[in-house]
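> just need the structure, nothing else, for what follows:
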Amino acid sequence: MPSQFKPGAAAYDKAGRRYTVEAVEDGMVYCIAESGAETEFPASQLIDEAGWAARAGNRADALYGTIRQSRRYQPPAAKLNRAAAERLLAKAEKLVPGLVDYAAFVAAERAALDAGERGAELSIVKCRAIFDAAPVEARAALLAGMVGSPPDVLVGAADLGDNLLRAMLAKARTAGSVSLEEFGGRRRR
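Model (predicted):
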């Protein structure tokens, strides 16, 4: 019986962890985890890429809807200057390239955890679309939460100087489950 798993293809275990198939012999699938660890599974315990997409499709769409509706994307209670919040986000992207994408990913990751979704594999592109659709005040507040600052203080720092703002934003580099440096190496999908 030919195997549905081919060398180089993706395979998923029942918990949703992704592996790359190295070889298939006598019903056993030999894989490499994303961490580089080698492992093996009976073929019956793995799901191929098409099966995983069919299984995860509706659940993923529902998850992004839940993330979009999260309280995290609501404007903060304290009023923020809209123009200053826009300047903050523009300067943040200029001073620390990739930080706004990272902020979008971390915010979505936190919203997913709030909804009880642990270990969900999130799309950077979809996270950024949700982030960009939120009011600018909410986006500035999300970034402030990552650096551990009140939103009005961080928004005000956008006008003080690049070095101060860069130092404040540096605190966000480890706010998510992965660091900003690790995040930068991920594929945008």
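> from here on, contacts and neighbour counts on C-alpha atoms
Will do.
> mind listing the strands for the protein?
10-12, 18-25, 28-33, 38-42, 47-48 (DSSP state E).
> pipe those strands into JSON lines and attach mean pLDDT per row.
Rendered in JSON lines, the data for the strands of the chain read as follows (pLDDT from 0 to 100):
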{"stretch": "strand 10-12", "mean pLDDT": "88"}
{"stretch": "strand 18-25", "mean pLDDT": "91"}
{"stretch": "strand 28-33", "mean pLDDT": "92"}
{"stretch": "strand 38-42", "mean pLDDT": "93"}
{"stretch": "strand 47-48", "mean pLDDT": "87"}
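> which of those is buried the deepest?
Burial of these is given as mean neighbour count (mean count of other C-alpha atoms under 10 Å); strand 10-12 ranks first at a mean of 22.
> which residues are in contact with that strand?
Outside strand 10-12, the residues within contact range by C-alpha atoms under 8 Å, 6 or more residues apart in numbering are 5, 18-21, 46-49, 52.
> please repeat the previous calculation with a cut-off of 7 Å.
The contact list for strand 10-12, computed with C-alpha atoms under 7 Å, 6 or more residues apart in numbering, reads 18-21, 46-49.
> next one: stretch 122-140
Under the criterion C-alpha under 7 Å, 6+ apart, residues 68, 73-76, 80, 82, 85-86, 89, 101, 104-105, 108, 151, 188-189 lie in contact with stretch 122-140.
> if we can go back for a sec, out of the strands of the chain, which comes closest to V147?
strand 18-25 (31.0 Å; C-alpha to C-alpha).
> quickly list the domain ranges of this structure.
Following automatic domain parsing, one gets these domains for the chain: 10-45, 53-184.
> run the chain-centre distance for the longest one.
Centroid separation between domain 53-184 and its chain, computed with C-alpha atoms, centre = their mean, to the nearest Å, is 10 Å.
> and the first one, by the same measure?
On the basis of C-alpha atoms, centre = their mean, domain 10-45 is displaced by 24 Å from the centre of the chain it belongs to.
> that domain: end-to-end distance?
Taking C-alpha to C-alpha, to the nearest Å, domain 10-45 runs 14 Å from one end to the other.
> then stretch 17-37?
12 Å.
> which residues are contacting it?
Contacts for stretch 17-37 (C-alpha under 7 Å, 6+ apart): 6-12, 38-43.
> cool, stretch 180-189 as well?
Contacts of stretch 180-189 (C-alpha under 7 Å, 6+ apart): 102, 123-125, 173-174.
> give the buried residues for that stretch.
Judged by neighbour count using 16 or more other C-alpha atoms under 10 Å, the buried positions of stretch 180-189 are 180, 183.
> OK, contacts around the residue positioned nearest the centre of the chain?
Nearest residue to the geometric centre of the chain (C-alpha atoms, centre = their mean): F105, 3.3 Å. For F105, the contact set (C-alpha under 7 Å, 6+ apart) comprises 124, 127-128.
> need the phi and psi values for R17.
Main-chain torsions, R17, degrees, to the nearest 10: phi -70, psi 140.
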